[in-house]
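**Q** what would the 3D arrangement of this be:
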Amino acid sequence: MVSLSKVGWFRPAALIVTAITLLRWVLLAFDHTDLYVDESQYWLWGQEFAFGYYSKPPLIGWLIGAVTTLAGSDSTFWVRMPGAFLHGATALILAAWAARLYGARAAILTAAAYATVPFAALGSLLISTDTVMAPFFAAALYAHHRLLQTRAPKFALWAGVAIGVAFMAKYAAIYFLIGVALAAIRPEGRIGWRNAALMLLAFALVISGNLIWNISHQFTTIFHTVDNVGWVRQDNPLAALNFASAAEFILSQFAVAGPVIFAALLITIRKLPIQAAFVLPPLLVVTVQALLGTAQANWAVAAYFAGIPLAIGLLQNRSRWLAASFAINAVFCITLPLLTIFTGIQWQGAPLIERQLGRAAMSRQIIAIAHAQGNPPILADNRSVLADLFYTGQSEGLTYYAPRPKGRAQNHYEQRYPLPTGLTGSLLWITNSAPSCATATYPLDATGSAYRKSGLAAYLVPAKCANAQQ
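**A** Next comes the predicted model:
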């Protein structure tokens, strides 16, 4: 048993988290993967300050823009670099909360457990909105706990500001406010009407810029979020319940949080501690989403900011289970970055991480063809191709367009870079179906890349013809 004072946990926890973060940065420097389509899009958002973007709130764009500007580089390392730091910060914030819940030993274990869970390992390799949301959601949880202890208005404001910033990273932060309401069902979980009003006021002020942006842009981001839910727009979503999808989502959580952590969390929340109010909503909502349609494994990540300290509360005196948890999660933490370094590892005749490869190479092929043909504008049907063209081809002096939207724009590129109706001359069209008016065809080599099965080729076409087919 480790005997430490209430504050004595910080130094060992910080040493553990710092060592993991530095190691992740070293390994990231040798990462040979290309930016994924979402990462390239977030980078593009960061080139232009706005209070909102097509599919997400603005914080991730602001962060990438700030980091790459300060670094003087748009390399994949600097785009992804904040991930490891943000998860490290989250680990220490949750440790501070765990110290107040269970003591110093639990704080150290919570920091180590959060820093090594699979979703934090992956989130340190790929920049995502979950990662940007994480430390602010954790700070809101800590502030809420202090508010319950003291009833001090400053903690209500702290919680409101923190969750407002988290909301500016990802709308899933709203689960925190749902958790506050659920916790208040029990007397010991009530913060008082005045503090609730202060929290909501601070939250509203922080997110006001994004709300105004959405109003002025026909609620673009909100509509995209609704589209992701899918069943909201169905006439009868109960007509096709997908139990297999719901089961798959639940099973996937053993991989997201690690099997021991997730199992311990399920055991812990059966007793419905106050903190379960912040765990159950994301898990239940996304399970229902999976039942009514489809759901990605990471959509319930918000559950684990409160869930990991709860799981550690159960596991802290079970040394064998803790050892098993750290051993299993260490495999993820070591294997994932190694796969990004040794990208030649294959499975069934293709690279194991094929979807992370070949995007920049495809863009360079397209750019070379365009230069050889006198730099015509480039039109691409494929959002992934467009995303990387803007990133890889940022300094090539070329213009990139998306197809004109039919009705509401389906992505950021259709919204901001649609093919102009008055374009003349020729353009290079990247598509998987040959246009009838193509004057020249250029094959694209997609071997061993994310586009291997796409059938993409480049076609030189008159702009008027391309406009007529839009």
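
**Q** domains of this structure: list them as residue ranges, please.
**A** 10-341, 358-468 (automatic domain parsing).

**Q** give me the number of residues near K464?
**A** A count of nearby residues for K464, using other CB atoms under 10 Å, gives 15. No exception for glycine: its C-beta is placed from N, CA and C like everyone else's.

**Q** skipping adjacent residues, who's closest to it in space?
**A** Of all residues beyond its chain neighbours, the one nearest K464 is T424 (7.0 Å), with distances taken as CB to CB, 6 or more residues apart in numbering.

**Q** hmm, who's touching stretch 444-453?
**A** Residues from elsewhere that reach stretch 444-453 (CB atoms under 8 Å, 6 or more residues apart in numbering): 34, 350-351, 354-359, 361-362, 365-366, 382, 384-385, 430, 454, 456-458.

**Q** hmm, back to that, how about the residue nearest to K464, secondary structure?
**A** Using DSSP: H, G, I helix; E, B strand; the rest coil, the structure places T424 in coil.

**Q** any idea how many residues pack against it?
**A** Neighbours around T424, by other CB under 10 Å: 10.

**Q** phi and psi next, for it.
**A** Main-chain dihedrals, T424, degrees, to the nearest 10: phi -120, psi 170.

**Q** that one and A463 touch, don't they?
**A** Yes - with contacts counted by CB atoms under 8 Å, T424 reaches A463, the gap being 5.5 Å.

**Q** which of the contacts of stretch 444-453 fall in strands?
**A** Cross-referencing these against strands under DSSP state E gives A350, P351, I430, A457, A458.

**Q** nearest to A113, of the residues you listed?
**A** Lowest distance from A113 to the ones in strands among the contacts of stretch 444-453 (CB to CB) belongs to P351, with 31.4 Å.

**Q** make sure that closest one is actually in contact with G344.
**A** Yes - the criterion here is CB under 8 Å, and P351 meets it with G344 at 6.9 Å.

**Q** higher neighbour count, the two?
**A** More neighbours surround P351 than the other of P351 and G344, with 20 against 9 (other CB under 10 Å).

**Q** can you give me the end-to-end span of stretch 272-288?
**A** End-to-end distance for stretch 272-288: 20 Å, by CA to CA, to the nearest Å.

**Q** which residues are in contact with it?
**A** Against stretch 272-288 from outside (CB under 8 Å, 6+ apart): 101, 141, 148, 172, 175-176, 178-180, 182-183, 185-186, 188-189, 246, 249-250, 253, 265, 268-269, 295, 299-307, 309-310.

**Q** residues contacting the closest residue to G160 other than its chain neighbours?
**A** Excluding the flanking residues, the one nearest G160 by CB to CB, 6+ apart is A202, at 2.8 Å. For A202, the contact set (CB under 8 Å, 6+ apart) comprises A156, L157, A159, G160, V161, G164.

**Q** cool, and R194?
**A** Neighbouring residues of R194 by CB under 8 Å, 6+ apart: P153, A156.

**Q** tell me, what's the model's pLDDT at it?
**A** R194 is assigned 98 on the pLDDT scale.

**Q** and stretch 27-37, end to end?
**A** Terminal residues of stretch 27-37 lie 22 Å apart, using CA to CA.

**Q** kindly report the same for stretch 350-368.
**A** 26 Å.

**Q** kindly report the same for stretch 25-38.
**A** End residues of stretch 25-38 are separated by 21 Å (CA to CA).

**Q** and what of stretch 344-357?
**A** From its first residue to its last, stretch 344-357 covers 10 Å (CA to CA).
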